[in-house]
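J.: 3D model of this:
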Amino acid sequence: MSTSERRQLKIGYSIWPTGHHRTAWRLPEAVNSGTTDAALLAKSIRTAERGLFDYFFIGNSVKSDPHSTRANGNETFKIEGYTLAGYAAAITERIGVVVTINATYSDPYNTARAIASLDHLTHGRAGLNVITGVAGSHEAAANFSRSAHPDTEDKYDWADEFTDVVYALLGSWEPDWLLDDRATGRFLDPAKGHRIDHEGKFFSVRGPLNVPPPPQGRIPLIHAGTSERSFEYGARYADIRFSPYRGPEWNRRYYDDIKGRLAAHGRDPEHQFILPGFTFFVADTTREARAKYREIQRFTTDEYLPHAVSDFVGIDLSSVKPTERVLDVIDPSALRPTLTGADDLAAAGNTWTIDRYTGNKLWAVELALEAYGGDEAVTFRDLFNYIANFPGNQAPVVGGGREVADWIEQRFEDREIDGVKVFPPYSEYPLEAFVDLVVPELQRRGIFRTEYTTSTLRDHLGLPAAP
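T.: Model prediction:
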C-alpha cells in the first residue's frame, strides 16, 4: 500500500484555557488567562492549524456552581462556544471548528440556524459535538427553569428527536435555491425551500430554516458517552466518537464493538472515527518530559488518603504506607483481565464500564506506572498524586517526540484508535511541543498529512460527500 493510500490519523485539539491537568496551572511558566484572553486563544488555535490538525474542539458547560471547579477555573468558566467558534473562523483558513451543545437544554431550530451559519462563515469547516449531560447531575437544570436533569432514557429520547429535527432543517433547502436573476428580479426560488412539518413527542417545528443549506450538506457530528443509549445514538449519527482509553486489550474490544454497531444503521465502519483524548507531556527528551511530569504531580495538595488508593485499584491497601514502592505490593500483570470471547463480554454486561469489564481496576496502576516511565521506585504517594489528578478518560502520555509518536502509531496500527484528541496539560508550551516534536514524527511515518489538501471538515476526515 502506498503512503497516499495508508489509513491516516485524525487529530483534534481540545481547548482547556488553563490546561487539562488539575495542578499543572501552578507551574511558573503556565499561562492562566486563557479563559477570556483573545490573544492566547488565537495563538493556540493557530498553533493547532500549523500542526495541520483536523479540527479545533470547543467544549461546553452550562452548569455554574463555583464549587464545582477542580482547583482551577476550567470547570467553573466556559466561554460560549459559538462566539469562540466565530472568532476561530475569522483567524484561520483550513482547520475544522467544532462547537459543543447540550441537546437537553437546546432548541433544534436555533441550533440548526447557528451551525449552518458557522458552516457558511468557515466555508464548510463546522462540526457539532452533541452532549446530553450527566444523568443525576442537576446543577445545570436550575439554570434552565427545570427542577432536575432527565434520566438516561428520557434525555436520549429527546436527543434522538432533537438531532432528527436539526438535520431535517439543515436539509430543508435544496442546493440550487439561489437564482440571482437580476433581469426578472427573482433572487431565490421559494419552491426550493421545504417545510419539515415535524410533530413529535418533544418538538413541533414547521420550517424551513431561514439560513441557506450548509456548504458541507451534512454537518459532521461528534458524540461521547458510556450508556447503551449513547452507543446507539453514536451508531446512528456520530462521525467521530470520543472514547475512554484503558489499555490495548480493552480498547481493541471497545473499537470492534462500536464499529460493529454501524451496519445496523446502514453505515460504513470506516466512516466513523474513534478518538480517545490524551494529555500529552512532551519535551525534547524523554528525561525532560518525565521530570516535568513529576514536577507537576508534586503540586498536589490533597492529603494522602489510603482509602482513595484502595478504591482506585480495587484492593485493600489501608495498611500500606505512602512511602512504600508500588511494585513491592502490587503485580499489575498478574491481575490483568482475561476476557477473551463474546461469551465473556456478554457475561460482563457489554456495558464497557470499567468495573464490570475488567473485574478490577489494576489497569489504572499499569497506566500510572507507564506515565512515570516504568520507574520501579514509584511510591504509593506517587500513585495517589496520579489518582488525585486522574484526568477521567484521558490517560497521560509522557515522553520525547519520537517516543510519543511510537505510542500513538502502535495503537493506531493495532486498531485501538483512529486518532487522538490532544488535551494539553497547561497553556501554552505543551500544544506547541506536540506540534513541533510529535507531528513531524507522525508525518515521517506516513500516517499524518504533510499539508492540507482539503478545505472542509468532512473532507479532512475523509467522509463521503453528503447529499
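J.: please count neighbours and contacts with C-alpha atoms only from this point.
T.: Noted.
J.: ok, residues contacting stretch 250-257?
T.: Residues outside stretch 250-257 that contact it (C-alpha atoms under 8 Å, 6 or more residues apart in numbering) are 245, 274, 352, 414, 415, 416, 417.
J.: export those residues to a markdown table and tack on secondary structure and pLDDT?
T.: What follows is the contacts of stretch 250-257, written out as a markdown table (DSSP: H, G, I helix; E, B strand; the rest coil; pLDDT from 0 to 100):
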| residue | secondary structure | pLDDT |
| --- | --- | --- |
| 245 | coil | 88 |
| 274 | strand | 97 |
| 352 | coil | 38 |
| 414 | coil | 97 |
| 415 | coil | 97 |
| 416 | coil | 96 |
| 417 | coil | 97 |
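J.: specify which member of those is nearest to residue 281.
T.: Closest to residue 281 out of the contacts of stretch 250-257 is residue 245 (16.4 Å), distances taken as C-alpha to C-alpha.
J.: identify the residues contacting that closest one.
T.: Counting by C-alpha under 8 Å, 6+ apart, residue 245 has contacts 251, 276, 277, 393, 394, 395.
J.: of those residues, which one scores lowest on pLDDT?
T.: Among these, residue 393 carries the weakest pLDDT, at 64.
J.: where is the longest helix in this structure?
T.: helix 152-170 (DSSP state H).
J.: buried members of the contacts of residue 245 into ChimeraX, please.
T.: Filtering those down to the buried ones (16 or more other C-alpha atoms under 10 Å) takes a single ChimeraX command:
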select :251,276,277,394,395
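J.: residue 64: which of the contacts of residue 245 is nearest?
T.: Looking across the contacts of residue 245 and measuring by C-alpha to C-alpha, the closest to residue 64 is residue 393, at 22.4 Å.
J.: mind listing the strands for the stretch 151-300 of the chain?
T.: Secondary structure of the stretch 151-300 of the chain by DSSP state E, counting those that start in this stretch: the strands cover 178-181, 186-188, 198-199, 204-205, 221-223, 240-243, 273-283.
J.: most tightly surrounded among those?
T.: By mean neighbour count, with neighbours taken as mean count of other C-alpha atoms under 10 Å, strand 273-283 ranks first of the strands of the stretch 151-300 of the chain at a mean of 25.
J.: please state the offset of that strand from the chain centre?
T.: 9 Å (C-alpha atoms, centre = their mean, to the nearest Å).
J.: ok, stretch 91-101 next?
T.: Distance, centroid of stretch 91-101 to centroid of chain: 14 Å (C-alpha atoms, centre = their mean).
J.: for that stretch, buried residues please.
T.: By 16+ other C-alpha under 10 Å, the buried positions in stretch 91-101 come out as 92, 94, 95, 96, 97, 98, 99, 100, 101.
J.: how about stretch 152-168?
T.: Under 16+ other C-alpha under 10 Å, the buried positions of stretch 152-168 are 152, 155-156, 158-163, 165-168.
J.: where's the dip in pLDDT among those residues?
T.: residue 152 (89).
J.: ok, it to residue 61 distance?
T.: In this view, residue 152 and residue 61 are 18 Å apart by C-alpha to C-alpha, to the nearest Å.
J.: contacting residues for residue 399?
T.: 281, 282, 283, 285, 286, 287, 288, 289, 290.
J.: now residue 111: closest residue in space, sequence neighbours ignored.
T.: Leaving aside its sequence neighbours, residue 111 sits nearest to residue 166 (C-alpha to C-alpha, 6 or more residues apart in numbering; 7.0 Å).
J.: I figured that neighbour hits residue 109, correct?
T.: Yes. Residue 166 is in contact with residue 109 according to C-alpha atoms under 8 Å; the separation is 6.6 Å.
J.: show me where the stretch 1-150 of the chain has strands.
T.: Using DSSP E, counting those that start in this stretch, strands in the stretch 1-150 of the chain cover 10-14, 55-58, 96-102, 126-131.
J.: restricting to C-alpha, output stretch 178-198 in CSV.
T.: Only the C-alpha atoms of stretch 178-198 are listed here, as CSV (Å, rounded to 0.1, in the frame of the first residue of the first chain):
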residue,chain,number,x,y,z
LEU,A,178,-30.2,30.9,-5.4
LEU,A,179,-31.5,32.4,-8.8
ASP,A,180,-29.8,35.8,-8.6
ASP,A,181,-31.8,36.7,-11.8
ARG,A,182,-31.4,40.4,-11.9
ALA,A,183,-33.3,40.8,-15.2
THR,A,184,-36.5,39.3,-13.8
GLY,A,185,-36.0,40.4,-10.2
ARG,A,186,-36.0,36.9,-8.8
PHE,A,187,-33.4,36.4,-6.1
LEU,A,188,-34.3,32.9,-4.9
ASP,A,189,-36.6,30.1,-5.8
PRO,A,190,-39.1,29.7,-3.0
ALA,A,191,-40.0,26.2,-4.4
LYS,A,192,-36.6,25.0,-3.2
GLY,A,193,-37.4,25.6,0.4
HIS,A,194,-39.5,22.9,2.1
ARG,A,195,-41.4,22.8,5.4
ILE,A,196,-40.4,19.9,7.5
ASP,A,197,-43.7,19.9,9.5
HIS,A,198,-42.3,17.9,12.3
